[in-house]
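**Student:** Let's see this in three dimensions:
(2 chains)
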Number of protein chains: 2
Amino acid sequence: MALSRSDSRSGTGPVTGSARSVEEHLRRVEELLRPLAIRDVAEVAMGAALGRRLARDVHAPLDLPVFRNSGMDGYAVRAASVSVTPVTLPLTGVVAAGQTGQAPLPPGSAMKVMTGAPIPPGADCVVPVEDTHGDEHTVTIERGRKTGDFVHEPGVDVRSGELLVSAGTTLAPRHIAALAAVGLPTLPMFRRVRAAVLTTGDELMPAGVPLRPGQIYNSNGIALAAALTANGVEVVSVEHSRDDPAEFGDRLAAATAHADVVFTSGGVSKGDFEVVKDVLSTRGGEFGSVAVQPGGPQGLSVSDGVPVLSFPGNPVSTMVSFEVFARPILRELAGLPPVPTHDVALLDPVRSPAGRRQFLRGRLDGDGVRLASGPGSHLVAAMAHADVLIDIAPEITELAAGSIVKVREL
Amino acid sequence: MALSRSDSRSGTGPVTGSARSVEEHLRRVEELLRPLAIRDVAEVAMGAALGRRLARDVHAPLDLPVFRNSGMDGYAVRAASVSVTPVTLPLTGVVAAGQTGQAPLPPGSAMKVMTGAPIPPGADCVVPVEDTHGDEHTVTIERGRKTGDFVHEPGVDVRSGELLVSAGTTLAPRHIAALAAVGLPTLPMFRRVRAAVLTTGDELMPAGVPLRPGQIYNSNGIALAAALTANGVEVVSVEHSRDDPAEFGDRLAAATAHADVVFTSGGVSKGDFEVVKDVLSTRGGEFGSVAVQPGGPQGLSVSDGVPVLSFPGNPVSTMVSFEVFARPILRELAGLPPVPTHDVALLDPVRSPAGRRQFLRGRLDGDGVRLASGPGSHLVAAMAHADVLIDIAPEITELAAGSIVKVREL
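**Tutor:** Numbers count the residues shown, from 1 in each chain, chains lettered A, B, ... in the order given. A predicted model of the protein is given here:
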């Protein structure tokens, strides 16, 4: 199952026949990460539950509505008293919402009730205030109502004991409304997957430091952290290691100590100083080439029991690797909907290397998609203008404008 | 411009002709909230910028790539030296990424270069390592390359001074990658709209407290807060007031002191104790009926210079009011994409009251939509099973199964 090591470049050259397919590598990544779905369960305050996954079925602990109440501002009566209209009835009380008294309705009378107020025992319908006129002592009802009109019976929405929200549901505001309505102060929630980001490369410098010749700014750490956050993952650390095996080993140990999964960037290619590959290969990591562009060199390891996904270091390769290999399973684990894909018409002609699945950066334009960038994995600024990846199958080398292609939203 | 006060019920009765249309009320809400777009600008750390809006155009402060570098692990040569292959060249150095030295390439020789490393002066292309073999002293090149191959020239991605990301952009991971790549430690960002939530009603109790007769749990506060958060709004407070004008006035003053906009629930209908309407009407607030179901009674005010949107108190009315009147403009202010709408086939027949635009709770099922709930605004548990609102125009009173309807995603 080891990845081929025969071709691990990130460039545009030919691919050898032995590279692993995108589908196979994706399957391996998902196999490694899917067990993270079984995670700690904690009681979480309702106010912190939005967007997180419910760990257990929640059954209603009470009926909704809780008690028989009025659906309108109006007058609680017996339907029999208003079968002939107009009719004037004596007013024998006022029931406000929140009023806890349970005075029964004297036969042949009316009680004023506010929306949500308890229906007095003996009443069986509510006449809306618009269909009435009156004074402090009597009410004249212009239009009759039948038994049950504007009366909300207990349990018609949900009965005590019935399933309210299922385990695994990612909570949206509407779920929170229902769970709050039955008075739950906390909910049993899965915690989010915790990820650590570890970038590598002697040439990478933090923002705000002047660059010396040969140096560039580290964008992979902050961009991977943003991508993880945007896909329901809790980022517990973002660190950088120079191309030094001892430093990398130390930082990796710190990452695996508190994360469920570690993402590394850089150090996986065929150069002389490939710190990620060098360290993790000795721990059984698989490093080699996937038939994809950008993002050919990939690594997959388990270190101290924690899965480690190793992406190549070019900024576009890092981000496309995340989109292709990590994002689908991370969204599944977070209970988020799958990444939307669409079939659209190419507005530009496209060339693609034989034998590699290519993900070009595209921008939707009306009903079609334009190229937002050349294919180079160094074009990180150009990627900011893209909103989709254009997915070109390995066997395709040329597509004319007008061809239908699959795109996935960034 | 005052709302009609002739019909302010939340129920299913007839509507009088004088209710304000949904479109008109929506226009008024948007008129009141759109000025919130011009808000404070603050420098925000890159790590906190995801999902927030850039306040100013950001131009690249340097070229990307920063310097002429190698796109591959391989050998930097002059193309002229490899015009006939195979050819064996003396190896005169190794350039790692991050190496700051600038030793020039002696003519007729090769230097080993790692991906991202500076191209030595004098070299004009890179031969990928796969097309070579050699030892410590020489390299044999099997395939020639032309000038520029695998050389990333400075500025081909973006040039210093060029627009990198436009003002108003809501930052996704790809924007953050580009902004980090040019070394910016902070970004000028609009702060989020700050909202306060203020629920009302003597009958509403907090979670965890046993209910007495006539009481229910307050779901509107927590559900509105979740809905606001999910739509890019910062919720600064969630408070509750009893139906007491003095208490409501105090809590409203606290809310307007620190929020850009206040959302209230309850107290807007035709009952005897309508605290929100009673207090805010005296400050010029507009209270009355909108031709919509659920959510007919609506209020719109400005208190201490802060817009106040007042929704009816039934949980479903509150949430549908938010979806219909507040969510579109709040998403616009946050720079989020519009709420998705679709045209789908009704799988159940539908009845709708004449003269009111009705928003039924629906659940997508294959290519169609089923009713997820009856029309009652008390059916908050049932709403948890919905994923769309079915939008029924005011003039429609009946639709057969198979009719095409517009739905908006919850």
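**Student:** who's in contact with the closest residue to residue A:350 other than its chain neighbours?
**Tutor:** Nearest residue to residue A:350, sequence neighbours excluded (C-beta to C-beta, 6 or more residues apart in numbering or on different chains): residue A:399, at 4.5 Å. For every residue, glycine as well, the C-beta is placed using N, CA and C. Residues in contact with residue A:399 (C-beta atoms under 8 Å, 6 or more residues apart in numbering or on different chains) are A:346, A:349-350, A:352, A:392, A:405.
**Student:** Now do whichever helix or strand residue A:389 is part of, average pLDDT.
**Tutor:** Using DSSP states H and E, residue A:389 maps to strand A:388-392. Mean pLDDT, strand A:388-392: 97.
**Student:** then that strand to CSV, C-alphas only?
**Tutor:** Below are the C-alpha coordinates for strand A:388-392, written out as CSV (Å, rounded to 0.1, in the frame of the first residue of the first chain):
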residue,chain,number,x,y,z
VAL,A,388,-14.1,27.1,-7.8
LEU,A,389,-11.7,24.3,-8.7
ILE,A,390,-12.2,22.9,-12.2
ASP,A,391,-11.8,19.1,-12.1
ILE,A,392,-10.1,17.7,-15.2
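**Student:** Mind listing the strands the following helix or strand past that strand pairs with, and their directions?
**Tutor:** Next helix or strand after strand A:388-392 toward the C-terminus (DSSP H and E): strand A:398-399. Listed by DSSP bridges, the sheet partners of strand A:398-399 and their directions read strand A:350-351 (antiparallel).
**Student:** Output the contacts of residue A:399 as CSV; include the columns distance to residue A:156 and neighbour count.
**Tutor:** CSV is the format used below for those (distance: C-beta to C-beta, whole Å; neighbours: other C-beta atoms under 10 Å in any protein chain shown):
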residue, distance to residue A:156, neighbour count
A:346, 54, 22
A:349, 61, 12
A:350, 57, 21
A:352, 59, 22
A:392, 54, 25
A:405, 50, 21
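**Student:** of all those residues, which comes closest to residue B:77?
**Tutor:** residue A:352 (27.5 Å; C-beta to C-beta).
**Student:** Can you give me every residue that contacts that closest one?
**Tutor:** A:293, A:358, A:360, A:392, A:396-399.
**Student:** Drop anything exposed from those.
**Tutor:** Burial by neighbour count, judged by 16 or more other C-beta atoms under 10 Å in any protein chain shown, picks out A:293, A:358, A:360, A:392, A:396, A:399 from the contacts of residue A:352.
**Student:** and of those residues, the nearest to chain B?
**Tutor:** Closest approach between those and chain B, by C-beta to the nearest C-beta: residue A:293, at 12.2 Å.
**Student:** Bridged to the closest one, which residues?
**Tutor:** Bridge pairing for residue A:293 - DSSP bridges - gives residue A:358.
**Student:** same thing with residue A:53?
**Tutor:** Applying DSSP bridges, one finds that residue A:53 bridges with residue A:170.
**Student:** Report the separation between it and residue A:225.
**Tutor:** Using C-beta to C-beta, to the nearest Å, residue A:53 is found at 21 Å from residue A:225.
**Student:** Of these two, which one has the most company?
**Tutor:** Applying other C-beta atoms under 10 Å in any protein chain shown to residue A:53 and residue A:225 shows that residue A:225 carries more neighbours, namely 25 against 22.
**Student:** got a list of what residue A:67 touches?
**Tutor:** A:118, A:154, B:213-214.
**Student:** among these, which ones are buried?
**Tutor:** Using 16+ other C-beta under 10 Å, the buried ones in the contacts of residue A:67 are A:118, B:214.
**Student:** And for the residue nearest in space to the middle of chain A, nearest residue in space, chain neighbours not counted?
**Tutor:** Nearest to the geometric centre of chain A sits residue A:336, at 3.3 Å (C-alpha atoms, centre = their mean). With sequence-adjacent residues excluded and distances taken as C-beta to C-beta, 6+ apart, residue A:336 is closest to residue A:232, at 5.2 Å.
**Student:** The one you found: which element?
**Tutor:** Counting by DSSP H and E, residue A:232 is found in no helix or strand.
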